[in-house]
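Engineer: this one's sequence-less:
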C-alpha cells in the first residue's frame, strides 16, 4: 500500500469519486490507500459538497510550506515544557476535527470544540480562540452560540471578568442526556402519526415501530448516562498498585 502525500492525480480521482457518490472505502480501494486517508483529505478540504482537487492540492502545499518554515525556525528550539511532540499533537488535532465533522458538526465548530478539549484548562477566551484558529472574533461568537445551543460548551467569567468558553465532564454528560431526550421527543412525534393515519394502516404501523424503537433507545441512553456518569468524575487509577487488605474499604464500598 503506497504511503506519502497524495498526488494531484490522486486528488482528481478522489474528486471524481466524491462527485459520483462513491463511499470513501471504495475510493480508497481504487487508489490503494487507507480509508482514513481519503476521509481526512475530503473533510479538511471542503467536505463532500465542497471538495475540489486543485484547491485541496494547493492547500496541502501551503500547509507543508508553513510546517517547513516552522521546523526551520524551531530547529534549535528546546522541546516544549510539557514534553509533548508538537507534530503528533497537530496530527491528532486534525484527526479529532475530522471525526467531529463526520459526526455532523460544521468545520468551524469542530475546530473550536477540538481546541477547547486539547487545552489542559479546558477553557479559552474569545481572543485566545481567534488567535489559535486565525479567524475573526465574529466567527468565534457565531461558533460558540451554535455549540451553546447544543450544550457542548458553556460560558464563565474568570477573575479578570473576561468571558471564557469551557468544556468539562458535566457538559459531556448533559450532551448525552440532550441526545436521549431528542430521541424521546421524536418518538412522541411518531406516535402522533399513528392517530393521524389510523391505527392498523401501513403508515401507522410504521410510525408505531419508530416510536417504540426510539422510546427504548432514549430511555436506555438516559439510564446508561446516569450509570456511567460516575466514570466521568472518577480519578483514573494510579500506578501505586491495588490497595492492600489493611487499607480498608474504598469510598464506593461504604454503604
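Structural biologist: Yep, that arrived. This is a predicted model, so every value here is computed, not measured.

Engineer: Strands of the stretch 101-250 of the chain, start to end?
Structural biologist: The residue ranges that make up the strands of the stretch 101-250 of the chain, judged by DSSP state E, counting those that start in this stretch, are 123-125, 154-157, 163-166.

Engineer: how about residue 150, phi and psi?
Structural biologist: Its backbone dihedrals place residue 150 at phi -90, psi 0, with angles given as degrees, to the nearest 10.

Engineer: ugh, wrong one, I meant residue 48
Structural biologist: Per-residue torsions, residue 48: phi -60, psi -40 (degrees, to the nearest 10).

Engineer: what sits against it?
Structural biologist: 18, 42 (CB atoms under 8 Å, 6 or more residues apart in numbering). For every residue, glycine as well, the C-beta is placed using N, CA and C.

Engineer: give the contact list for residue 15.
Structural biologist: 51, 52, 53, 56.

Engineer: Give the ChimeraX command for selecting the buried subset of the residues you listed.
Structural biologist: Command for ChimeraX that selects the buried part of those, burial taken from 16 or more other CB atoms under 10 Å:
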select :51,53,56
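
Engineer: Please parse this structure into its domains.
Structural biologist: 8-69, 92-166, 169-232 (automatic domain parsing).

Engineer: Quick check: residue 164 touching residue 157?
Structural biologist: Yes. With contacts counted by CB atoms under 8 Å, residue 164 reaches residue 157, the gap being 7.3 Å.

Engineer: Give me the more crowded residue out of the two.
Structural biologist: Higher neighbour count among residue 164 and residue 157: residue 164, with 20 against 9, using other CB atoms under 10 Å.

Engineer: if I pick the more buried one, what's in contact with it?
Structural biologist: Taking CB under 8 Å, 6+ apart, we find residue 164 in contact with 123, 124, 125, 155, 156, 157, 158.

Engineer: Show me which of these are buried.
Structural biologist: Neighbour-count burial within the contacts of residue 164 applies to 123, 124; the criterion is 16+ other CB under 10 Å.

Engineer: Could you dump the contacts of residue 164 into a markdown table with distance to residue 34 added?
Structural biologist: Output for the contacts of residue 164, formatted as a markdown table (distance: CB to CB, whole Å):
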| residue | distance to residue 34 |
| --- | --- |
| 123 | 35 |
| 124 | 32 |
| 125 | 38 |
| 155 | 39 |
| 156 | 40 |
| 157 | 45 |
| 158 | 42 |
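
Engineer: Name the single longest helix found in the protein.
Structural biologist: Counting residues, the longest helix found in the chain (DSSP state H) is helix 202-232.

Engineer: That one - contacts with which helices or strands?
Structural biologist: On a contact count with 3 or more CB pairs under 8 Å, 6 or more residues apart in numbering; DSSP states H and E, helix 202-232 meets helix 169-197.

Engineer: Using pLDDT, spot the least trustworthy of the contacts of residue 164.
Structural biologist: Taking pLDDT as the measure, the contacts of residue 164 have their low point at residue 158 (82).

Engineer: Might you report the residue contacts of that residue?
Structural biologist: Residue 158 sits next to 125, 164 when contact means CB under 8 Å, 6+ apart.
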